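A.B. asks: quick one, what's the 3D model for this:
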Amino acid sequence: MGIKIVSTGSYVPEKVLTNFDLEKMVETSDEWITTRTGIKERRIAESETTSELATKAVISALGRETGEDIDLFITATATPDMFFPSTACLVQSNLKNKRAVAFDVSAACTGFIYALYVADSIMRTKEIEKAVVIGAERFSKIIDWKDRSTCILFGDGAGAVVLEKGEEEGILGFDIGADGSYKDLLKVESVGSNGEYPWYLFMKGNEVFKIAVRTMAESAKNVLEKTGISPDEIKLLVPHQANYRIIDAVAKRLGIKNDKIFINLDKYGNTSAASIPIALDEAVREGRVGKGDLVLMVAFGGGFTWGSCIVRL
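C.D. replies: Coordinates of the predicted model:
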């Protein structure tokens, strides 16, 4: 018995916020943002909620607007519509499903890897044949648009994968972990009901950058070692889309060449838990990977959390 990704899907809002748009909002420039991050534009959800973004990504993955046959919904998100019901329950309802297990996972930008790990574990021990794992974020609602150090980085969107039990093994291994002692370097906390932004994101970028590079590279090396797979066997590296310089540094530490890295952060910025499933879906649709190919996914996020996974499509 194996667990396999049988389809992928994604959705991003229509509104595009370019670096030139940001020049009119804060003291920054397209050249400064592009040089330091690789980001050119990002998508912003004007009225769509996180659960609506997630639902559209699942519809994309399923190829239909109902999901009565799904046994498990897990949504990775740091920006849910509400504390409860979970975003996963809202997606389940939107897809006319009234029986599946449904819950959220909160691990910031590593959320999708965590959610995939949980889904894989449950499917191997329970009577669950088909699952949907989603990464969905609406980070625009927790950004201080006056803070030029963070507002340039993030965007909104959602991605999803459908998992099924079968004869072939598709999910080959994981490496995940966390260290809460770094909690003050990257966080979202309340500033009170009278504040212009009830919640805001805070990040010490330089410190996060250094730890992210080291930790992502170590996690990826760990999962390669656990599975006995060499970097040369990897068809495509699909990293968390936070910053081009982070991705480049991690790839160099792994010895993976640029033509084996999938990058779309120039179009979407950092979509947190949604970044890897959006990138994976685009890679599949563009023909960068196909049936039988090995894909290495790796992420790092607030917590700090980290995780990597190798799958065979």
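
A.B. asks: hey, let's count contacts and neighbours off CA atoms from now on
C.D. replies: Will do.

A.B. asks: so where's the chain shaky on pLDDT?
C.D. replies: Within the chain, the segments meeting pLDDT under 70 span 190-199.

A.B. asks: which one's the longest helix in it?
C.D. replies: helix 205-227 (DSSP state H).

A.B. asks: C-terminal to that one, what's the next element?
C.D. replies: Where DSSP states H and E defines the elements, the next helix or strand beyond helix 205-227 is strand 236-239.

A.B. asks: who's in contact with that next one?
C.D. replies: 247, 256, 260-263, 276, 279-280, 288-289, 294-299 (CA atoms under 8 Å, 6 or more residues apart in numbering).

A.B. asks: in strands, which of these appear?
C.D. replies: 294-299 (DSSP state E).

A.B. asks: pick the one among those residues closest to Leu201.
C.D. replies: Ala299 (18.6 Å; CA to CA).

A.B. asks: hey, where'd the helices end up in this protein?
C.D. replies: Taking DSSP H, the helices of the chain run over residues 19-23, 30-37, 50-62, 87-94, 111-125, 205-227, 244-254, 265-268, 275-285.

A.B. asks: out of these, flag the one nearest Arg148.
C.D. replies: helix 19-23 (8.8 Å).

A.B. asks: same for that closest one, what does it pack against?
C.D. replies: Contacts defined by 3 or more CA pairs under 8 Å, 6 or more residues apart in numbering; DSSP states H and E place helix 19-23 against helix 30-37.

A.B. asks: contact partners of the helix it packs on?
C.D. replies: For helix 30-37, using CA under 8 Å, 6+ apart, the contacting residues are 19-20, 23, 39-40, 152-153, 242-245.

A.B. asks: try it again at 6 Å.
C.D. replies: With CA atoms under 6 Å, 6 or more residues apart in numbering as the test, helix 30-37 has contacts from 19-20, 243-244.

A.B. asks: just the buried ones from the residues you listed?
C.D. replies: 19, 243-244 (16 or more other CA atoms under 10 Å).

A.B. asks: what is the nearest of those residues to Glu137?
C.D. replies: Closest to Glu137 out of the buried ones among the contacts of helix 30-37 is Asn243 (17.2 Å), distances taken as CA to CA.

A.B. asks: how near is that closest one to Ser121?
C.D. replies: Distance, Asn243 to Ser121, by CA to CA, to the nearest Å: 30 Å.

A.B. asks: what of Phe84?
C.D. replies: Plainly put, Phe84 is 24 Å away from Ser121 if you go by CA to CA.

A.B. asks: and Gly166, how many neighbours?
C.D. replies: 12 (other CA atoms under 10 Å).

A.B. asks: next: the one 10 residues further on.
C.D. replies: Look at Ile176: counted by other CA under 10 Å, it has 20 neighbours.

A.B. asks: now do Glu65
C.D. replies: The local packing of Glu65 (other CA under 10 Å) involves 15 other residues.

A.B. asks: tell me how far the closest residue in space to it that isn't next to it in sequence lies from Asp281.
C.D. replies: Nearest residue to Glu65 in three dimensions, chain neighbours excluded: Ile59, at 5.3 Å (CA to CA, 6 or more residues apart in numbering). Going from Ile59 to Asp281 by CA to CA gives 13 Å.
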